[in-house]
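Undergrad: Need the 3D shape of this:
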Amino acid sequence: MELVEQIDSLNQWLRDNYGITTDTNQALWQIVFSDDVFERRLTYHTKEGLELLTPQMVELPKYKQWIHQKYILENLVVVPEVNVHELSTQISYEPIWVFQDHLGNYLSPTRVACKFVIDSVYAAKGKKSMAKYKESEDETNPELRVKKIQKELFGNETRTGDSLAHNEGVRVDYGEVKLGNKPN
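TA: Residues are numbered from 1 along each chain as shown. Modelled structure (predicted):
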């Protein structure tokens, strides 16, 4: 299995671009390897398949029995109240995308794929990205950044526009002369 980019680097990028929880400092999105993930879950059977008299909370593989040797993009979600007793937690990472092609063959995780999947999930929910404000990479020059902010804040303002707004100018509409922006 070949990696285009290191998973630690991708997970840091996900934290930086898609956010973390304010209380637990957990990433809202992460990439994990299917064979390495375990979770504490309420079980009614032993490893051998025998039924227990009372259910027990046991650490079990989360994906290994269904998804073999592939990376998974997970989203941190609130566990529905009806399922909290099964996991003994209020929030849990849930699988959103398996990095595989339509034939089930391994695909290497990439930023482009993550961004596409996450943006699609948010679009389906009718939300925009939950990421905090982040400067674009081309705004590293402070002078250009200030000019861009000024243009965004005051881009439509000119001496002529200011004069009209303060009733100090004259405008001509369809051959009529009007003073400032006062109604006729």
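Undergrad: buried stuff in the strand ranked longest in the chain?
TA: When the chain is parsed with DSSP state E, its longest strand is strand 51-61. By 16 or more other C-beta atoms under 10 Å, strand 51-61 has no buried positions at all. Glycine gets a C-beta too; all of them are placed from N, C-alpha and C.
Undergrad: after it comes which helix or strand?
TA: Using DSSP states H and E, the next helix or strand after strand 51-61 towards the C-terminus is strand 71-78.
Undergrad: The protein - how does it break down into domains?
TA: Per automatic domain parsing, the structural domains of the chain span 7-125, 137-179.
Undergrad: elements contacting the longest helix belonging to the chain?
TA: Ranked by residue count, the top helix of the chain under DSSP state H comes out as helix 111-125. Here helix 111-125 touches helix 7-18, strand 29-33, strand 71-78, strand 91-98, going by 3 or more C-beta pairs under 8 Å, 6 or more residues apart in numbering; DSSP states H and E.
Undergrad: what is the rounded mean pLDDT of that helix?
TA: Regarding helix 111-125, the rounded mean pLDDT is 89.
Undergrad: Likewise for stretch 63-81?
TA: pLDDT averaged over stretch 63-81 gives 89.
Undergrad: Can you list the buried residues in it?
TA: 63, 67, 70-76, 79.
Undergrad: Flag the helix or strand of the chain with the lowest per-element mean pLDDT.
TA: Least confident helix or strand, the chain: strand 176-179 with a mean of 59, by mean pLDDT, DSSP states H and E.
Undergrad: returning to that earlier point: report the two of the buried residues of stretch 63-81 separated the most.
TA: Comparing all pairs in the buried residues of stretch 63-81 by C-beta to C-beta, the longest separation belongs to K70 and V79, at 24.0 Å.
Undergrad: what about A27, how many residues close to it?
TA: 19 (other C-beta atoms under 10 Å).
Undergrad: scratch that, D119
TA: Counted with other C-beta under 10 Å, D119 comes out at 13.
Undergrad: if I look at it, how far off is I96?
TA: According to C-beta to C-beta, to the nearest Å, D119 and I96 sit 12 Å apart.
Undergrad: T89 now?
TA: Distance of T89 to I96, computed by C-beta to C-beta: 18 Å.
Undergrad: And for N11?
TA: For N11, the distance to I96 equals 14 Å [C-beta to C-beta].
Undergrad: Could you do W66 as well?
TA: Taken as C-beta to C-beta, the span from W66 to I96 is 15 Å.
Undergrad: Can you redo the helices and strands packed on helix 111-125 as CSV, where the extra columns are distance to R111?
TA: Formatted as CSV, these follow (distance: least, C-beta to C-beta, whole Å):
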stretch, distance to R111
helix 7-18, 6
strand 29-33, 11
strand 71-78, 11
strand 91-98, 13
